[in-house]
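Trainee: Sequence unavailable; structure follows:
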């Protein structure tokens with residue numbers, strides 16, 4: 001049974017992960033990213049505050065956490081109406097309360113809970129591993145046996161999405177998947193775009209359209225290979241093979257955190 005809302009702590013872990021993916025961590029990467037950190041101070045440190053498209057950021061956070069929100073709610077949260085009236089007033093009244101903790105609570109109140117990893121009662125005793133496994137099944141959207149190999153059931157983009165969600169929902173107690181595996185299709189897509197632009201420049205410079213066909217074929221072939229690699233390469237840590245392995249690891253790590 002799922003709870004009504006994700007906790008502020010869970011969403012804060014997700015925010016950190018989402019921020020790295022959507023905006024990047026420049027100068028303030030070493031700086032605190034916690035509930036009390038002011039968003040404007042954090043972003044002004046590497047100038048992203050002045051360059052970011054806030055509408056794009058809002059939509060990105062909605063996609064990442066799986067909720068929808070009106071522009072008015074976002075604008076009210078960030079106090080844009082106050083800023084338009086007076087930047088000095090915004091600095092004094094709104095900015096001090098515009099923290100990542102406040103943003104985490106804003107998201108937690110709107111994001112639908114699709115999985116709970118709390119212990120469940122079995123034979124009169126709470127079992128943390130069973131609770132985690134139940135949450136994993138909810139997140140995966142299917143019934144699975146603990147002994148099933150993860151890669152036999154979920155792979156490619158589905159595995160990337162599943163693992164990304166599972167990490168923040170369990171407060172990053174599991175390791176991230178390799179960056180090269182996660183980003184290979186995106187990086188290959190960028191290469192394809194550059195190759196197509198180069199081909200277009202070559203056609204323009206030489207007036208010979210023969211460049212178009214081989215450039216397009218190479219770009220398409222590279223993307224097909226990248227997509228096949230992402231689907232067929234197993235990026236999971238060697239000690240996490242089955243859903244039981246994953247459940248036990250998460251339960252143990254969460255128990256260690258609560259007993260520290």
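Mentor: Structure received. For clarity, every value in this text was computed on a predicted model and none was experimentally measured.
Trainee: Do you have the strands of this structure handy? List them.
Mentor: 120-122, 125-127 (DSSP state E).
Trainee: Hmm, residue 160 is touching residue 182, no?
Mentor: Yes. Using C-beta atoms under 8 Å, residue 160 is in contact with residue 182, at 5.7 Å. C-beta here means a position set from N, CA and C on the backbone, and glycine is covered the same way.
Trainee: sorry, back to before: return the most buried member of the strands of the chain.
Mentor: strand 120-122 (a mean of 13; mean count of other C-beta atoms under 10 Å).
Trainee: Neighbouring strands of that one in the sheet, and parallel or not?
Mentor: Strand pairing for strand 120-122, determined by DSSP bridges: strand 125-127 (antiparallel).
Trainee: what does the strand it pairs with rub up against?
Mentor: For strand 125-127, contacts defined as C-beta atoms under 8 Å, 6 or more residues apart in numbering pick out 119, 120, 121.
Trainee: Now find how far off-centre the longest helix along the chain is within its chain.
Mentor: Determined from DSSP state H, the single longest helix within the chain is helix 179-206. On the basis of C-alpha atoms, centre = their mean, to the nearest Å, helix 179-206 sits 25 Å off its chain's mean C-alpha point.
Trainee: Same check on stretch 103-117?
Mentor: Put simply, stretch 103-117 sits 14 Å off its chain's centre (C-alpha atoms, centre = their mean).
Trainee: Can you get me the start-to-end distance on it?
Mentor: End-to-end span of stretch 103-117 (C-alpha to C-alpha, to the nearest Å): 23 Å.
Trainee: quick one: the helices in the stretch 51-200 of the chain?
Mentor: 54-65, 71-78, 80-85, 87-93, 100-108, 128-140, 150-153, 156-169, 179-206 (DSSP state H, counting those that start in this stretch).
Trainee: Can you report how many residues lie near the residue nearest to residue 165 when sequence neighbours are not counted?
Mentor: Of all residues not flanking residue 165 in the chain, residue 139 sits nearest, at 6.1 Å (C-beta to C-beta, 6 or more residues apart in numbering). Burial of residue 139 is recorded as 19 neighbouring residues (other C-beta atoms under 10 Å).
Trainee: hmm, back to that, against which helices or strands is the longest helix of the chain packed?
Mentor: If contacts are counted by 3 or more C-beta pairs under 8 Å, 6 or more residues apart in numbering; DSSP states H and E, helix 179-206 sits against helix 212-232.
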